[in-house]
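*Asks:* sequence-free structure coming up:
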């Protein structure tokens, strides 16, 4: 039982990060009109920013966290002009190719120029392995607790923006019907840039939590996460925000439990096997394509 | 064409082409403050294209559009809407998956300072929208969706309200209700430009009308004159058929 709980807690922390990743991914998909395969790569490269700033400032989280969020925002927004002409033509498949190309560039930068391609590891002050909650043999570490609470806070803030503010309504109108959004006088270009900015902020937050959860970053991590994010988005139904969050949690739990009960390397196979079954049985995903 | 202070919209020789096919040919038109003007003509005559071009959705290939004395030709649509032209598009253009309140609030994107006031005005005109404000707009009936579309346009407190075929697909009784509401708005001083295929009804409510045919204006004048015009009777009011 304790083992089950411990793996569930692991899974929940990991799953909430997947949920956050898919949320940013879906936002770019819906409002930006692109298939943002490159987004998780940006998140990973910003984990290197966390690492570099912590190294340079003597482990200052107060500097490293804002620097990570800022760099993720800037990097994401910088991609908007590259995607704009494709998005305007609704050339979704081409945006995917563009995103893959950008992903390769980012992977090469990480593999060749960041820490000579070696994995970086994050210090204990960020990862927070010490126990925050102890219930018998079940221990929730500070990092896990912060990750879980932090993702909830980020998602709540994002949902508030999307559903309760004018820029959020503009995002949703663009996702539903770009022509109507234009007729209503929504500044389409500015709103698209803003949506990249919001996705970037979410990406920066995700990078910090990933660093806490994994304790390490390495060049191939971007690809791993991008495949999972794409799979979760398909699993939930492309562009389904709530579905993406739930399915992110499901994937994290499945991975966590698989790690606990089956030999380690099988966790990915279990997760992707689940996704394959869903995609075959329900081509529109578990929750359907909906915004 | 003299410029008067009362002129809300002044269009001169406006042209637009879809590739090689010209869809608007040198259309000129003036609308003064508080007027209720109709654009009539068959499907595909250029009424919708005209409205889309005024709003900057289509890029004019020639001519000019002046609004409230300012040239707005080739301005981006969001600036034009911000300056006070709101359109109820053909097919209503509601956002079915968003709720009624969010649809209405989007209409006030450029008019956020007095949202409460415009909201209570819209709810006064269309009480049904207040009753259903939390429901998704897709659950509304056709007539209610049209009311939502008009209400949303009114949320922007437009200096010029353009409506593209608001009667489309509605039962005659609802068409009458919608037109009565527009009539009431006009009486309160709202400037309205209405595109309608339902020519008889349009002429009944609007004070003036322009007749579109294949992308150009072929006739213009006060509604009473047009109703007596033989060409109009022949083409649009077809004998005694009740519309």
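*Replies:* Thanks, I have the structure now. For clarity, every value in this text was computed on a predicted model and none was experimentally measured.
*Asks:* when you work out contacts or count neighbours from here on, use the C-alpha atoms and nothing else.
*Replies:* OK.
*Asks:* and the end-to-end length of stretch A:111-123?
*Replies:* End-to-end distance for stretch A:111-123: 21 Å, by CA to CA, to the nearest Å.
*Asks:* stretch B:164-182 now?
*Replies:* Stretch B:164-182 end-to-end distance (CA to CA) = 13 Å.
*Asks:* check stretch A:180-189 too.
*Replies:* Using CA to CA, the two ends of stretch A:180-189 sit 14 Å apart.
*Asks:* could you list the low-pLDDT ranges of the chain?
*Replies:* Let's take chain A. Low-confidence segments of chain A, defined by pLDDT under 70: A:1, A:263-264, A:289-291.
*Asks:* you answered for a different chain; I wanted chain B.
*Replies:* In chain B, residues with pLDDT under 70: B:1-5, B:239-243.
*Asks:* quick check: the residue of it nearest chain A.
*Replies:* Going by CA to the nearest CA, chain A is nearest to residue B:78 of chain B, at 3.9 Å.
*Asks:* strands along the stretch 51-200 of chain A, start to end?
*Replies:* Along the stretch 51-200 of chain A, the segments classed as strands by DSSP state E, counting those that start in this stretch run A:120-121, A:131-135, A:138-141.
*Asks:* which residues does the longest one contact?
*Replies:* The list of residues contacting strand A:131-135 from outside it, by CA atoms under 8 Å, 6 or more residues apart in numbering or on different chains, reads A:139-142, A:145.
*Asks:* and whatever residue of the stretch 151-291 of chain A ends up closest to chain B, how many residues sit next to it?
*Replies:* Distances between the stretch 151-291 of chain A and chain B by CA to the nearest CA are smallest at residue A:185, namely 3.9 Å. Other residues near residue A:185 come to 28 when the count uses other CA atoms under 10 Å in any protein chain shown.
*Asks:* ok, it touching residue B:87?
*Replies:* No: the pair residue A:185 / residue B:87 is not scored as a contact, 9.7 Å apart, by CA atoms under 8 Å.
*Asks:* skip the chain neighbours and tell me the closest residue to the residue of the stretch 151-291 of chain A closest to chain B.
*Replies:* residue B:78 (3.9 Å; CA to CA, 6 or more residues apart in numbering or on different chains).
*Asks:* got a list of what that neighbour touches?
*Replies:* Counting by CA under 8 Å, 6+ apart, residue B:78 makes contact with A:182-187.
*Asks:* same thing with residue B:77?
*Replies:* Applying CA under 8 Å, 6+ apart, the residues near residue B:77 are A:182-183, A:185, A:187, B:55-57.
*Asks:* show the contacting residues for the closest residue to residue B:97 other than its chain neighbours.
*Replies:* Leaving aside its sequence neighbours, residue B:97 sits nearest to residue B:136 (CA to CA, 6+ apart; 5.6 Å). Taking CA under 8 Å, 6+ apart, we find residue B:136 in contact with B:96-100.
*Asks:* got the phi/psi numbers for residue B:136?
*Replies:* Phi and psi for residue B:136, reported as degrees, to the nearest 10, are phi -70, psi 140.
*Asks:* what do you get for residue B:166?
*Replies:* The phi and psi values for residue B:166, taken as degrees, to the nearest 10, are phi -70, psi -20.
*Asks:* report the separation between it and residue B:14.
*Replies:* Residue B:166 is 24 Å from residue B:14, by CA to CA.
*Asks:* more neighbours: which of those two?
*Replies:* Of the pair residue B:166 and residue B:14, residue B:166 is the one with more neighbours under other CA under 10 Å, namely 25 against 22.
*Asks:* my guess is the more buried one contacts residue B:146. True?
*Replies:* Yes: applying CA under 8 Å as the test, residue B:166 and residue B:146 come out as touching, 6.6 Å apart.
*Asks:* residues shared between the contacts of the two?
*Replies:* Common contacts of residue B:166 and residue B:146, defined by CA under 8 Å, 6+ apart, comprise residue B:92.
*Asks:* which SS class is residue B:232?
*Replies:* Classification of residue B:232 by DSSP: H, G, I helix; E, B strand; the rest coil places it in helix.
*Asks:* quick one: contacts for the residue of the stretch 151-291 of chain A closest to chain B?
*Replies:* By CA under 8 Å, 6+ apart, the contact set of residue A:185 is B:77-82, B:109-110.
*Asks:* 10 Å - rerun?
*Replies:* Residue A:185 makes contact with A:170, A:179, B:55, B:76-83, B:85-87, B:106-110, B:156, according to CA atoms under 10 Å, 6 or more residues apart in numbering or on different chains.
*Asks:* same check on residue A:65?
*Replies:* A:47, A:49-51, A:53-54, A:71, A:126, A:204-205, A:207-209.
*Asks:* same thing but 7 Å
*Replies:* Residues counted as contacts of residue A:65 (CA atoms under 7 Å, 6 or more residues apart in numbering or on different chains) are A:50, A:208.
*Asks:* what's the spacing between it and residue A:110?
*Replies:* For residue A:65, the distance to residue A:110 equals 20 Å [CA to CA].
*Asks:* burial measure for residue B:30, as a count.
*Replies:* For residue B:30, the neighbour count with other CA under 10 Å is 16.
*Asks:* would it count as being in a strand?
*Replies:* Yes: secondary structure of residue B:30 (three-state DSSP): part of a strand.
*Asks:* quick one: it from residue B:69, how far?
*Replies:* Applying CA to CA to residue B:30 and residue B:69 gives a distance of 11 Å.
*Asks:* over to residue B:93?
*Replies:* Applying CA to CA, one obtains 29 Å for the distance of residue B:93 from residue B:69.
*Asks:* quick one, which of the two is more surrounded?
*Replies:* residue B:93 (19 against 15).
*Asks:* SS state for that one?
*Replies:* Judged by three-state DSSP, the three-state class of residue B:93 is coil.
*Asks:* write out the residues of chain B neighbouring chain A.
*Replies:* B:77-78, B:81-82, B:93, B:95, B:102, B:106-107, B:109 (CA under 7 Å from any CA of the partner chain).
*Asks:* mind running it again at 8 Å?
*Replies:* Neighbours of chain A within chain B, by CA under 8 Å from any CA of the partner chain: B:55, B:57, B:77-82, B:86-87, B:89, B:93-95, B:97, B:102, B:105-107, B:109-110.
*Asks:* out of those, which sit inside helices?
*Replies:* B:77-82, B:102, B:105-107 (DSSP state H).
*Asks:* switch these over to TSV; also include distance to residue A:106.
*Replies:* Shown next, in TSV, are those (distance: CA to CA, whole Å):
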residue	distance to residue A:106
B:77	37
B:78	36
B:79	38
B:80	41
B:81	41
B:82	40
B:102	39
B:105	41
B:106	38
B:107	41
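*Asks:* now a PyMOL select for only the buried ones of those residues.
*Replies:* Buried subset of those, written as a PyMOL selection, criterion 16 or more other CA atoms under 10 Å in any protein chain shown:
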select buried, chain B and resi 77+78+79+80+81+82+102+105+106+107
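*Asks:* circling back to that earlier point, quick one: buried ones out of the contacts of residue B:78?
*Replies:* A:182-187.
*Asks:* and residue 70, how many neighbours does it have?
*Replies:* Picking chain A for this. Around residue A:70 there are 20 other residues, counting by other CA under 10 Å.
*Asks:* meant chain B, my bad for not saying
*Replies:* The burial count assigned to residue B:70 is 12, neighbours taken as other CA under 10 Å.
*Asks:* how near is it to residue B:13?
*Replies:* Separation of residue B:70 from residue B:13 (CA to CA): 16 Å.
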